[in-house]
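Novice: For reference, the sequence and a predicted model appear below.
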Amino acid sequence: MGKKELAAMFSQNPDQYYKVALFDNMGFVRRQCNLCGKHFWTLADRQACPDHENYGFIGKPPTNKRLDYVNAWKETEKFFAKNDHEVVRRYPVVCRWRDDLYFTIASIVDFQRIMNNQVVFELPANPLVVPQMCLRFNDIENVGLSGRHYTGFCMIGQTCNADAPGGYWKDRCIELDYGMLTQGLGIRPEEITFVEDVWMGAGAFGYSLEYFVRGLELGNAVFTEFEGNENSYRTMRNRIIDMGAGLERFSWITMGTPTSYDCCFGPIIDKMLEMTGTERNSEFLSKYFGTVASKLETAEGNVKELKVILAREMGLSFEDLARMVAPHEAVYTIADHVRTLLFAISDGALPSNVGGGYNLRVILRRALSILERLSWKQIKLEDVADIQIDYLKQMYPELDEHRQDVRTILGLESSRYTGSRERMSSIVTSLKAKKSGELEVSDLIRLYESDGITPDYLAEQGVIASVPSTFYTKLAELHANVASGGIEKAKPVRGLESIPATELLYYEDESLREFDAKILQVIDGKFVVLDRTAFYPRGGGQEPDTGEISGVKVVEVTKQADVVIHRIEGNGGKLQEGQNVKGRVNGKRRDLVTKHHTATHVINSSARNNLGSWVWQNSAFKEENYARLDVTHHSALSKEEVQKIEQTANVAVRRNLPVDIKFFDRGDAEQKYSFRIYQGGVVPSNSVRIVNINDWDIEACGGTHVRRTGEIGLIKIIKSERIQDGVVRLEFVAGEAAVNYMQNQEAQLSTIAQALGSSREKVLESFTKVMDEAELAKRKLRIMLRTVAETMAKTVSENAKSIGDAKLYSTYDEELDEDYHIAIGEKAIEIDPLLVYVALVAKGSGMRVIVFAGEKVRKHARAGAIAKQVSAKLGGSGGGDERFGQGGGRLKEKIKDAFLSAEELVKQQQPERKP
């Protein structure tokens, strides 16, 4: 049974599910649509449901109030506050409290938590209303074109637990929503139609009443009464009211502007039209966008087909119509995309090529591509964001705090896009030259993913006729909002079903190293379960304790649900169920791991303070002698940035800040400390352990920690690298491990000084002298190479293998370096323009790949493509341009395969001979 069948089942019993007191009191009549069969409630004499109604409010709003975006919220806030609802601040658009979502996609998501694979509702107040910004990326291609689609929008959430104090059910809900429309917005009762429907979410669903005015759906009141799915469900313990209404639509219905963008982005649109010199013809825009917004669903999202029909009706050519609406579509699209980026970056997300950041980069580059296509150099995305902040800070004052961060990220991404233009132009020129037919959506996705080329840019350059309507949807689907980690989990130990939860002594007293316990179960002779334990299990990136249980070594500790499992060495024959035992934790290891864990918290906040508010913990690992922290950041760190992070972290250590640890109700912790507590990930319990380093860093964390930061002693960052787009790794040591590292560095410095015949104080001076001498020797070698290069190059050409119209020379060299092969390769293709030169040069434990392609062959055999394929065969990566390519790999046993792949690629890329 699907949604349609479920709706039909509910509609068979309207008195139980849909009829509310308001309908009787006001005289609403239930009718069935003569076009689609849906049931609806109305005061007017109408036979069809609003799904088949054109927008009748554009240019003639049915209200006695005119409310722009901000004032529409103020009116809503006032109405619900007057009716005993607590007004809750919006939650972040980055959904930190759910590990199955990147972004907050609906207001009800604010209050949903996942426990034991079930959705539970946790409300900070009852009842409440929230102006929740939501992000969705399933309709990107319609944004700006339809007049009503958004990637970021405000969903007014009217929420309550019907079975808790202060709660109410459907009679009161619809009474309030009706009051909001009539009193708050000033809509006449006969304009309102309620349509019966069903809403289905993650693990819960209910029947609903959507309310419409002149064809526009304003909101949907969902009565969430069942949990499970449509085929297997039961009544929930607590019924939830989940009314979601579009603030953009509340404003639009009162203003009657040509598009919802005009009233919701009011001053932003006005400023951008002024900057671009675009005139606004309200009558034309109302007719055009009114039809597009109403008919887009029936046209299955094909805006181009609608434009063709509209052009004919308006007596215009398609080209003239497209030209007239293009600047307005562009302004609307940019306004939407920048607002989405503004909220996402303010809440800690970064545009990138991975995870949820992928969708952000898609819309950012789409906006930049539009600006470039229209030659609107006077508009900068960061300036548009400033105007948005100035307008929205009345509703969302926190945006002003992140103004500079947003400017930084948008400016950086814009410069990266501009910097890639030369490469993009070269690729487009190549595509035009091939003339291989219309590109498929899959081709466009490949071009975007590999080279960052948007289809908007390809359309502008004449490579494609227009942007396919499915492009951005399919692109978003490839990077769906599922934040699954991909980490392989250990197989669960079976047979624990009847075992009670383990008493966790390491939380009662972190200094405890010896304890008495009773064995509850021994599984397969190697897994021991105690009734109580001081052994800390692996979790949150912290490696587990080791030690002994009555003389038997404990080599690993894990936690499965509420049970701690100790894996022991050998078969554990001396340990029996029911036996009283003594546990001993390896104290030295625990102390070192504990210092590394607390140091992770200190460095995380230090990185955020020095780099920007977008820094979040991505992952972490803490062991005895080493730790690492991965944080979100847009670029690789400079030496100076790393030093600053380290210095700031050690200041926190020297301040000897207290580390306070307390348990909180999850909702209380979120409201008190914000969602920054979820640095280490989602907490699958409504009891949250908060580690507060004197307000320096506050996180929900289950790990072990020192009592004061001074116990850490010293933090030393030993390495920094960018491990993926948008993520930087910091490797560090703390405590005794940091002292040992520094002493080892001192010893190595002394050895180097001795080898250079110098003192430690003058080692840099001596090293510089040696390097200068080495560089002089290299220059002499290059002079010698130029002398013999022509002779060697001729030999290369003579010994090359002919492949069609091309020639291939390949060699593996363990003696001569890459400078030699670069000199010879360059000269060889100069002498023989049909030559492809491939050299593998031994370098340490791996190999360097050097490829040159002659002028007459490179159109068909690109050096960069050959270098990439050869490097891949060797287990590495490579690339380059048509003339020169390079790369590397480590699989020396694959040298023969690498050469064969180069030969095969040259063969494949030969032009077909004419008969």
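Specialist: Yep, that arrived. Residues are numbered from 1 along each chain as shown.

Novice: backbone phi and psi for the residue nearest to G228 when sequence neighbours are not counted, please?
Specialist: Leaving aside its chain neighbours, G228 sits nearest to R234 (6.1 Å; criterion: Cβ to Cβ, 6 or more residues apart in numbering). In short, each C-beta sits where N, CA and C put it, glycine included. Main-chain dihedrals, R234, degrees, to the nearest 10: phi -150, psi 160.

Novice: quick one: average pLDDT of the helix or strand where A738 lies?
Specialist: Using DSSP states H and E, A738 maps to helix 736-755. Averaged across helix 736-755, pLDDT comes to 79.

Novice: ok, now stretch 528-548?
Specialist: 94.

Novice: now stretch 873-887
Specialist: Rounded mean pLDDT across stretch 873-887 is 90.

Novice: I690 versus I677, what's the distance?
Specialist: 6 Å (Cβ to Cβ, to the nearest Å).

Novice: list residues touching both of these two?
Specialist: Shared contacts of I677 and I690 (Cβ atoms under 8 Å, 6 or more residues apart in numbering): A669, I698, E699, A700.

Novice: what's the closest non-adjacent residue to the third one?
Specialist: The one in question is E699. Q679 (4.7 Å).

Novice: for G876, same thing?
Specialist: In space, G876 is closest to G889, 3.2 Å off (Cβ to Cβ, 6+ apart).

Novice: May I ask you to confirm that that neighbour is in contact with V849?
Specialist: Yes - using Cβ atoms under 8 Å, G889 is in contact with V849, at 7.1 Å.

Novice: hang on, the earlier thing: my read: the residue nearest to G228 touches A204, true?
Specialist: No - counting by Cβ under 8 Å, R234 does not reach A204; the two are 10.8 Å apart.

Novice: shared neighbours of those two, anything?
Specialist: F226, E227.

Novice: Give me the more crowded residue out of these two.
Specialist: A204 (24 against 9; other Cβ atoms under 10 Å).

Novice: Provide the partner residues of that one in its beta bridges.
Specialist: E227 (DSSP bridges).

Novice: Is it correct that it is in contact with F223?
Specialist: No - between A204 and F223 there is no contact under Cβ under 8 Å: 11.0 Å.

Novice: if we can go back for a sec, list residues touching both of G889 and V849?
Specialist: What both G889 and V849 touch, as defined by Cβ under 8 Å, 6+ apart, is the set V870, S871, L874, G876, A898.

Novice: What about those residues, which are in helices?
Specialist: V870, S871, A898 (DSSP state H).

Novice: For the spatially closest residue to the first one that is not a sequence neighbour, report the pLDDT, please.
Specialist: The one in question is V870. Spatial nearest neighbour of V870, excluding adjacent residues (Cβ to Cβ, 6+ apart): A898 at 4.7 Å. At A898, the pLDDT value in this model is 91.

Novice: mind checking how far A898 is from I187?
Specialist: With Cβ to Cβ as the criterion, A898 and I187 are 72 Å apart.

Novice: picking up where we left off before, what about I677 and I690, which has more around it?
Specialist: Shown here are I677 and I690; by other Cβ under 10 Å, I677 has more neighbours (24 against 19).

Novice: That one touches D668, doesn't it?
Specialist: No - taking contacts as Cβ under 8 Å, I677 lies outside contact range of D668: 11.0 Å.

Novice: quick revisit: G889 and V849 - which one has more neighbours?
Specialist: V849 (30 against 22).

Novice: and that one, what does it touch?
Specialist: 838-841, 867, 870-871, 874, 876, 878, 885-889, 898.

Novice: quick one: contacts for E497?
Specialist: By Cβ under 8 Å, 6+ apart, E497 has no neighbours at all.

Novice: quick one: secondary structure of it?
Specialist: coil (DSSP: H, G, I helix; E, B strand; the rest coil).

Novice: in this protein, which helix or strand is least confident?
Specialist: Every helix and strand in the chain was compared by mean pLDDT, DSSP states H and E; the lowest is helix 471-478, with a mean of 68.

Novice: Give me the next element, helix or strand, following it.
Specialist: strand 503-504.

Novice: quick one: strands adjacent to that next one?
Specialist: With DSSP bridges as the test, strand 503-504 is paired with strand 532-533 (parallel).

Novice: What lies in contact with the strand it pairs with?
Specialist: Contact with strand 532-533 is made by T502, E503, L504, L505, Y506, F515, A517, K518, V557, V564, H566, G583, as judged by Cβ under 8 Å, 6+ apart.

Novice: Just the element for the fifth one, please.
Specialist: For Y506, the host element (DSSP H and E) is helix 505-508.

Novice: ok, and the closest non-adjacent residue to G179?
Specialist: F79 (6.9 Å).

Novice: Not counting its own residues, what contacts the helix or strand in which the one you found is found?
Specialist: For F79, the host element (DSSP H and E) is helix 69-82. By Cβ under 8 Å, 6+ apart, the surrounding residues in contact with helix 69-82 are 65, 67, 87, 129, 131, 154, 156, 158, 176, 179-180, 183-185, 245, 247-248, 250-251, 254, 263-266, 391-392, 394-395.

Novice: Going by neighbour count, which residues of that helix are buried?
Specialist: Using 16 or more other Cβ atoms under 10 Å as the test for burial, helix 69-82 gives Y69, V70, A72, W73, E75, T76, E77, F79, F80.

Novice: which one of those sits closest to F318?
Specialist: Y69 (32.9 Å; Cβ to Cβ).

Novice: gap between that closest one and A561?
Specialist: Distance from Y69 to A561, by Cβ to Cβ: 47 Å.

Novice: now swap in C154 and tell me
Specialist: From C154 over to A561 (counting by Cβ to Cβ), the distance is 39 Å.

Novice: where does the nearest residue to S260 once chain neighbours are set aside land on pLDDT?
Specialist: Using Cβ to Cβ, 6+ apart and skipping residues adjacent in sequence, the residue nearest S260 is W252, 4.1 Å away. W252 carries a pLDDT score of 96 in this model.

Novice: what helix or strand is W252 on?
Specialist: Secondary structure (DSSP H and E) places W252 in helix 247-255.

Novice: what's next to that helix, contact-wise?
Specialist: 57, 61-63, 65-69, 71-73, 76, 131, 148, 150, 153-156, 185-187, 213-214, 216-219, 259-260, 262-264.
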